[in-house]
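1. here's a sequence, model it:
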Amino acid sequence: MSTPRLLALVLLLAGLHLGVDPLAAEVLGTIGAVLAVTRFSPGDPPRRPWLLRAVALGLVVFAHVLQRLGLVTLHRLDYVLLIVANILGALALLGFLRVLRQSGLTVPLRRGERVVAVLLGCATLAVVVWILAALVLHSLRDLAVAVSTICDAVVFTTAALLLRHVLPMRGGLVARPYFLLAVDGLCFLALDLAHALQPVPGPTVAPLSALGHAAGGAAGFAQAALVRRGAQPSR
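-> Numbering: from 1, shown residues only. Below you'll find the model as predicted:
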């Protein structure tokens, strides 16, 4: 998938989320992750992390369907589903990193890169602590936001590390899914901050949510196209 097509896909998903139906955009994002899973053979190491991500996105869709239909109960099954989805999403990113390290393709960070990594990690940790400190944790919603915050931080920092390792591969093509996942994690981390500091949604929530869902949804399609391109015989 070329860069213009990938950008067009992100814009299409974001526009669908903002202007048509957010749930439809989330369903397409889940389809993208499922498509990425199907591109790998059962024994391929990346298949399991993509499967975890596909399940996580599917749980998010299910939770939002329950909310739309008014089927949530006092036990707030939707929040429980979102908590599980966030944990699975974070485990998926850690799975990607594990697969890459086992492949032996990672290279040690240079000194300057280690400094940047430490600064990025400290900044992310500070945001997480700030969000958690703002939460009262007296409700399942607050717990969901807390879990989401931690998991989004894991997604962002892990995707950023993956991005650094795979950027030189195949002219940067391998990095595209991880770049999109890093944008996904960063957007939702910002959303967590907004929800923690302002329970009533502000004007920036919808665009951030749209961009996060669009980037995360496009990642699956980008990965599927990358695997398909690699599987095509050279002419």
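
2. from what I see, Arg53 and Val34 are in contact.
-> No - look at Arg53 against Val34 with Cβ atoms under 8 Å: they stay out of range, at 9.5 Å. C-betas here are computed from N, CA, C, even on glycine.

3. anything in contact with each of those two?
-> Counting by Cβ atoms under 8 Å, 6 or more residues apart in numbering, the contacts common to Arg53 and Val34 are Gly220.

4. the two: who's more crowded?
-> Arg53 (31 against 18; other Cβ atoms under 10 Å).

5. quick one, what contacts the nearest residue to that one once chain neighbours are set aside?
-> In space, and not counting its chain neighbours, Arg53 is closest to Ala92: 4.1 Å by Cβ to Cβ, 6 or more residues apart in numbering. Applying Cβ under 8 Å, 6+ apart, we find Ala92 in contact with 49-50, 52-53, 56.

6. between these, which has the most around it?
-> Arg53 (31 neighbours).

7. which SS state does that residue fall under?
-> Put simply, Arg53 is helix when judged by DSSP: H, G, I helix; E, B strand; the rest coil.

8. how close does Asp184 sit to Leu66?
-> In this view, Asp184 and Leu66 are 22 Å apart by Cβ to Cβ, to the nearest Å.

9. more crowded one of those two?
-> For Asp184 versus Leu66, neighbours defined as other Cβ under 10 Å are more numerous around Asp184 (26 against 16).

10. touching, that one and Leu208? I think so.
-> No - counting by Cβ under 8 Å, Asp184 sits too far from Leu208 to count as a contact (10.8 Å).

11. and the strand or helix carrying Val115, what's buried?
-> According to DSSP states H and E, Val115 maps onto helix 111-134. Buried residues in helix 111-134, counted by 16 or more other Cβ atoms under 10 Å: 124, 127-128, 131-132, 134.

12. list just the nearest of those residues to Gln223.
-> Top of the list for closeness to Gln223, among these and by Cβ to Cβ, is Thr124 at 24.0 Å.

13. low-confidence ranges, the chain, go.
-> 74, 105, 168-172, 198-202, 230-235 (pLDDT under 70).

14. ranges for the helices of it?
-> 3-15, 22-39, 47-69, 77-103, 111-134, 140-166, 176-197, 205-231 (DSSP state H).

15. got the angle for the shortest one vs helix 22-39?
-> Think helix 3-15. Counting by axes from the mean of the first three to the mean of the last three Cα atoms, to 10 degrees, helix 3-15 lies at 140 degrees to helix 22-39.

16. by contact count, what packs against helix 3-15?
-> In terms of contacts (3 or more Cβ pairs under 8 Å, 6 or more residues apart in numbering; DSSP states H and E), helix 3-15 is packed against helix 22-39, helix 205-231.

17. the same query, at a cut-off of 6 Å, please.
-> Using 3 or more Cβ pairs under 6 Å, 6 or more residues apart in numbering; DSSP states H and E as the contact test, the elements touching helix 3-15 are helix 205-231.

18. in terms of secondary structure, what does the helix it packs on contact?
-> Helix 205-231 packs on helix 3-15, helix 22-39, helix 176-197, going by 3+ Cβ pairs under 6 Å, 6+ apart.

19. any idea which of those helices is most buried?
-> Across the helices and strands packed on helix 205-231, averaging neighbours per residue (mean count of other Cβ atoms under 10 Å) puts helix 176-197 on top, at a mean of 23.
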